[in-house]
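A.B. asks: Pasted the sequence and its predicted model underneath.
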Amino acid sequence: PPGASGGDQRAIARAVRGVRAPEFRAGSVGVLGRGRRGSGAPVVLWCDDLVSRAAEDINRRMLRARDAMDGAYAQPLDVPALARIAHVSPAHFARTFRATFGETPHRYLQRRRVERAMFLLRETDRSITDICFEVGFGSPGTFSRTFRAVVGHSPREYRKQAVAVDVPTCFTMAWMRPSA
């Protein structure tokens, strides 16, 4: 326990030696292994520490997959490919991604593509079809339907309303970000 003396920790470790991980509950303790450099002293962890380490690990994996999505948003990405990046099964990846970020991987990828398309529509004079394919959509119809669902306007209407302004990109992104 936090604040326990070395002797108390060793006594706790002796008391719980042999307890298996599935038997842990919040607030319980367990022996992780032996101390450094052959000291022989058991390393005692609270179950809460084990849970928080597992949560940190899965969050890191989900962030790794989300970063890959951000970097390769225009590429065809599917859940099995993203699950391989996160080193988890596809079903577990989909469940955990949604629990972590509040939206499915597919919806997140679509939103990122639409955000990039919004920037290109505002800042360039390229055709909507070119922008559609550049950001990773397979057809102009899917692009238009998804863009309208996320932004609330068609790409053409958005381009007419949007005016490029000279403000820092961070403000523009925060202001123009579509709600999830």
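C.D. replies: Noted; the coordinates are in hand.

A.B. asks: pLDDT of the lengthiest helix in the chain, averaged?
C.D. replies: Scanning the chain for the longest helix, with DSSP state H as the assignment, gives helix 47-71. For helix 47-71, mean pLDDT is 83.

A.B. asks: Can you name the element that comes right after it?
C.D. replies: helix 79-86 (DSSP states H and E).

A.B. asks: Averaged pLDDT, that following helix. What do you get?
C.D. replies: On average, helix 79-86 scores 94.

A.B. asks: which other helices and strands contact that helix?
C.D. replies: Packing contacts for helix 79-86, counted by 3 or more Cβ pairs under 8 Å, 6 or more residues apart in numbering; DSSP states H and E, involve helix 47-71, helix 90-101, helix 105-123. (Glycine included, C-beta is placed from N, CA and C.)

A.B. asks: quick one: contacts of the second one?
C.D. replies: Spelled out, it's helix 90-101. 58-59, 62, 65-66, 79-80, 82-83, 86, 88, 104-105, 108 (Cβ atoms under 8 Å, 6 or more residues apart in numbering).

A.B. asks: so where's the chain uncertain?
C.D. replies: Applying pLDDT under 70 to the chain picks out residues 1-51, 164-167, 172-173, 175-176, 179-180.

A.B. asks: Swap in 50 and give it another go.
C.D. replies: Applying pLDDT under 50 to the chain flags residues 1, 4-5, 9, 11-35, 43-46.

A.B. asks: In ChimeraX, how would I select just the buried ones from the contacts of helix 90-101?
C.D. replies: Buried subset of the contacts of helix 90-101, written as a ChimeraX selection, criterion 16 or more other Cβ atoms under 10 Å:
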select :58,62,65,66,79,82,83,86,88,105,108
